[in-house]
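Chemist: below: sequence and its predicted model.
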Amino acid sequence: MRITKFGHSCLLVEEDEARILIDPGSWTSAQNGLKNLDVILITHEHNDHCDLASIQALLAGNPGVVILTNSGVKKKLAAAGIAGQILEDGASTQVKGVKILACGRDHAVIYETIPPVANTGYLIAERFFAPGDTVTAIPPQPVEILALPVVAPWTKLAECLDYARKIKPQVCFPVHDGMAKEGAFDKHPQNILPGFGIEVVIPQPGVPMDFQPF
């Protein structure tokens, strides 16, 4: 499996012949020129994960690409004239033989006065889990590779580290860090999680990371 992080939580996952883009958000535009995409997965409707301008650029460059997401995102897309298909908690599909399983229902609480939105994480090829904006969704099967949120207004670093320990992946890498100075939240996962048997790798924007089967 090859994973490329473009910024914040935007990831390109390449598994066998499938090319899957996750969360093309407003905090990076590096993904907009990608070609030959099969699927775009969107975990939730917030702009840092679901930027309409980015999605429109991707649709223009990838005729036939399918957007899989939850009902909240589908409603946002429909208002902009963009079609999406629902893949929510517990449901699964296959893209060129690669299984995608939806896991989780709720975005983490930011504050009690802020309306909650749906959030759907996606487990790809029974190996890699991208949770979106949550540190509570646990896939129903073991995870080898975890995209670990590390900084957000809805969590603190200790909760993120505990989340990684609950999922117990073989390896994780930081995401949801676009609001922080680059590398600012890398030190603690790198120093702490290996002590619990979790390898931490630090992605460089636009540079593919290859993960062999464990």
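Modeler: Sure thing, it's come through.
Chemist: for the residue nearest the centre of the chain, grab phi and psi.
Modeler: By C-alpha atoms, centre = their mean, the chain has its centre lying nearest to Ala130, at 3.8 Å. With angles defined as degrees, to the nearest 10, Ala130 sits at phi -110, psi 110.
Chemist: what are the bridge partners for it, then?
Modeler: Ala130 has these beta-bridge partners by DSSP bridges: Tyr122.
Chemist: from the chain's centroid, how far away is the helix or strand bottoming out on mean pLDDT in the chain?
Modeler: In the chain, no helix or strand scores lower on mean pLDDT, DSSP states H and E than helix 187-192, which sits at a mean of 93. Distance of helix 187-192 from the chain centroid (C-alpha atoms, centre = their mean, to the nearest Å) equals 21 Å.
Chemist: right, and the helix or strand after it?
Modeler: Remark: after helix 187-192, the chain's next helix or strand is strand 199-200, criterion DSSP states H and E.
Chemist: doesn't Leu101 belong to a strand?
Modeler: Yes - Leu101: assigned to a strand according to DSSP: H, G, I helix; E, B strand; the rest coil.
Chemist: which residues touch it?
Modeler: Residues near Leu101 by C-beta atoms under 8 Å, 6 or more residues apart in numbering: Ala91, Ser92, Tyr122, Leu123, Glu126, Pro139, Pro140. Backbone N, C-alpha and C define where each C-beta goes, glycine included.
Chemist: narrow the residues you listed to those in strands?
Modeler: Ser92, Tyr122, Leu123 (DSSP state E).
Chemist: mind checking which of these are buried?
Modeler: Tyr122, Leu123 (16 or more other C-beta atoms under 10 Å).
Chemist: and the contacts of Leu101, which two are the farthest apart?
Modeler: The span of the contacts of Leu101, defined through C-beta to C-beta, is set by Ala91 and Glu126 at 15.0 Å.
Chemist: other SSEs contacting the least confident helix or strand of the chain?
Modeler: helix 157-167 (3 or more C-beta pairs under 8 Å, 6 or more residues apart in numbering; DSSP states H and E).
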